[in-house]
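In: quick check, what structure comes out for this input:
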Amino acid sequence: MSIIALFNLAKEYLEARRTNQVFRHLDNHYLKDIGFYRDNGHIRPLAGNKDLESQSKEQAPVPPREQPSDG
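Out: As a prediction, the model looks like this:
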């Protein structure tokens, strides 16, 4: 792993930790208003949930429509 990748990983960890510290004092109603929820003491975003991602992957792909020809 390169040094840049390690710095990016540390940056992401510190940002997530700071977000949890900042949002920890808010109650559940305020968290929901700004798009987060509390899960076992952790602050999680409402969008991007793994459950939602797995549901969207289970849907059958829509076949592409035929394009009209110009001639």
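
In: all contacts plus neighbour counts: C-alpha atoms, from now on.
Out: Noted.

In: all helices for this structure, in order.
Out: 3-23, 28-33, 50-58 (DSSP state H).

In: okay, those in JSON lines with distance to H42 next?
Out: Below are these laid out as JSON lines (distance: least, C-alpha to C-alpha, whole Å):
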{"stretch": "helix 3-23", "distance to H42": "7"}
{"stretch": "helix 28-33", "distance to H42": "12"}
{"stretch": "helix 50-58", "distance to H42": "15"}
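
In: what's the closest of those helices to I43?
Out: With C-alpha to C-alpha as the criterion, I43 lies closest to helix 3-23 of the helices of the chain, at 5.8 Å.

In: tell me the buried residues in the closest one?
Out: 20, 23 (16 or more other C-alpha atoms under 10 Å).

In: which other helices and strands contact that helix?
Out: strand 42-45 (3 or more C-alpha pairs under 8 Å, 6 or more residues apart in numbering; DSSP states H and E).

In: partner strands of the strand it packs on, with direction?
Out: With DSSP bridges as the test, strand 42-45 is paired with strand 36-39 (antiparallel).

In: touching the strand it pairs with from outside, list them.
Out: Contact partners of strand 36-39, identified using C-alpha atoms under 8 Å, 6 or more residues apart in numbering, comprise 28, 31, 43-46.

In: what's the ChimeraX line that selects buried ones from the residues you listed?
Out: In ChimeraX, this line selects whichever of the contacts of strand 36-39 come out buried by 16+ other C-alpha under 10 Å:
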select :31,43,44
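
In: can I get the contacts of strand 36-39 in JSON lines including distance to S2?
Out: Below are these laid out as JSON lines (distance: C-alpha to C-alpha, whole Å):
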{"residue": "N28", "distance to S2": "39"}
{"residue": "L31", "distance to S2": "36"}
{"residue": "I43", "distance to S2": "30"}
{"residue": "R44", "distance to S2": "29"}
{"residue": "P45", "distance to S2": "29"}
{"residue": "L46", "distance to S2": "32"}
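
In: which of the contacts of strand 36-39 sits closest to V22?
Out: I43 (10.0 Å).
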